[in-house]
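Novice: Quick one: sequence and predicted model below, then my questions.
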Amino acid sequence: MRPHNNLAATVAAAIEEDLGQGDITAALLPDSDASATIISREEAVLCGQAWVDEVYRQLEPSIKLHWQKNDGELVSPDEVLCSLSGPVKKLLTGERIALNFLQTLSGTATTVRHYASLLQGTKTQLLDTRKTIPGLRVAQKYAVRCGGGKNHRMGLFDAYLIKENHILASGSIAQAIAAARKNQPQARIEIEVETLHELQLALEHQADIILLDNFDLKMMAEAVKITGGRAKLEVSGNVNDQMLLQIAATGVDYISVGALTKHVRAIDLSMRLA
């Protein structure tokens, strides 16, 4: 699992947002070195090391970080996650910026781990969506992988998702799929359907993935039977952790959950000077 190469730009924007013209509080401190630790206050799945490393690389390359835990690992309350040493001013200037990344991404990974664990033993895979925090798309997609989920598409550029309004504007399911295949023949084509009749049309025109919109459990099971493996089936829309196993039992291939990246509860972390 590797972060994307926009990491440096994302961190630079966060530093600029917080630092502005300078840290006037840190300016009160002496020019001396110090040591610090980052500690978890609760059980969580760790995620965000590279963003923390990059914060301090940009602020002060001489700061040394030593991680005791790795991304994707479960951490316990009061466990030391990372030890840092270097100029005290820069340690404290970077504290909130680094922790914002770490607690948010760990929160995403922890939620994903919870959902993914509920699907263990089924054939259904957990997917994320594009409902991410602005500016943190790549970071949260990485956190989903750390938590045991899989990424849907990164954005509007790497796969088709032809939804109701696209179909209306195109004229029909057949016309939408034909245009997609002509414009980007190598791109995966996913199309949203609202009825079993529309499912049949999507299958006739060889969609790769079919998104079942507002299907109840009985309709999902029927859709699996009709499809017979000719396409992958995805369920999305107002899915919560209480519904996962019932949906998976219908035999669908994917469940996508916007709450994984949209309803983020940051993990309680802190930094302490030694």
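Specialist: Nice, I can see it.

Novice: ok, now which ones touch the closest residue to residue 221 other than its chain neighbours?
Specialist: Distance criterion CB to CB, 6 or more residues apart in numbering; nearest residue to residue 221, sequence neighbours excluded, is residue 250 at 4.4 Å. In short, each C-beta sits where N, CA and C put it, glycine included. Shown in contact with residue 250 (CB atoms under 8 Å, 6 or more residues apart in numbering): 217, 220, 221, 223, 224.

Novice: three-state assignment of residue 250?
Specialist: For residue 250, the assignment made with DSSP: H, G, I helix; E, B strand; the rest coil gives coil.

Novice: what's the pLDDT at it?
Specialist: On the pLDDT scale, residue 250 is placed at 97.

Novice: That one and residue 223, how far apart?
Specialist: 8 Å (CB to CB, to the nearest Å).

Novice: now swap in residue 214 and tell me
Specialist: To residue 223, residue 214 is 12 Å away according to CB to CB.

Novice: what does residue 68 give?
Specialist: For residue 68 relative to residue 223 (CB to CB), the value is 47 Å.

Novice: Residue 132 contacts residue 261, doesn't it?
Specialist: Yes: with contact defined as CB atoms under 8 Å, residue 132 reaches residue 261; the gap is 4.6 Å.

Novice: List buried residues within the contacts of residue 250.
Specialist: Neighbour counting by 16 or more other CB atoms under 10 Å classes 220, 223, 224 among the contacts of residue 250 as buried.

Novice: So which of the residues you listed sit within helices?
Specialist: 220, 223, 224 (DSSP state H).

Novice: Quick check: pLDDT value at the last one.
Specialist: Right, the one you point to is residue 224. As predicted, residue 224 sits at a pLDDT of 98.

Novice: Can you name the element that comes right after the longest helix along the chain?
Specialist: Assignment by DSSP H gives helix 95-118 as the longest helix of the chain. Following helix 95-118 in sequence order, the next helix or strand is strand 125-127 (DSSP states H and E).

Novice: got the contact list for that following strand?
Specialist: 112, 115-116, 119, 148-152, 234, 253-257, 260.

Novice: Now with 6 Å, please.
Specialist: Here strand 125-127 makes contact (CB atoms under 6 Å, 6 or more residues apart in numbering) with 115, 116, 119, 149, 150, 152, 254, 256.

Novice: same check, this time on stretch 203-213
Specialist: 174, 177, 188-194, 202, 223, 230-235.

Novice: end-to-end on that stretch?
Specialist: Start-to-end span of stretch 203-213 (CA to CA, to the nearest Å) is 15 Å.

Novice: tell me which residues in it are buried?
Specialist: Result for stretch 203-213 [16+ other CB under 10 Å]: buried residues 203, 205, 207, 209, 210, 211, 212, 213.

Novice: Tell me how many other residues crowd the closest residue in space to residue 198 that isn't next to it in sequence.
Specialist: For residue 198, ignoring the flanking residues on the chain, the nearest one in space by CB to CB, 6+ apart is residue 173 at 6.3 Å. Each residue near residue 173 was counted by other CB atoms under 10 Å, and the total is 23.

Novice: next one: phi and psi at residue 173?
Specialist: Backbone torsions of residue 173, given as degrees, to the nearest 10, read phi -60, psi -40.
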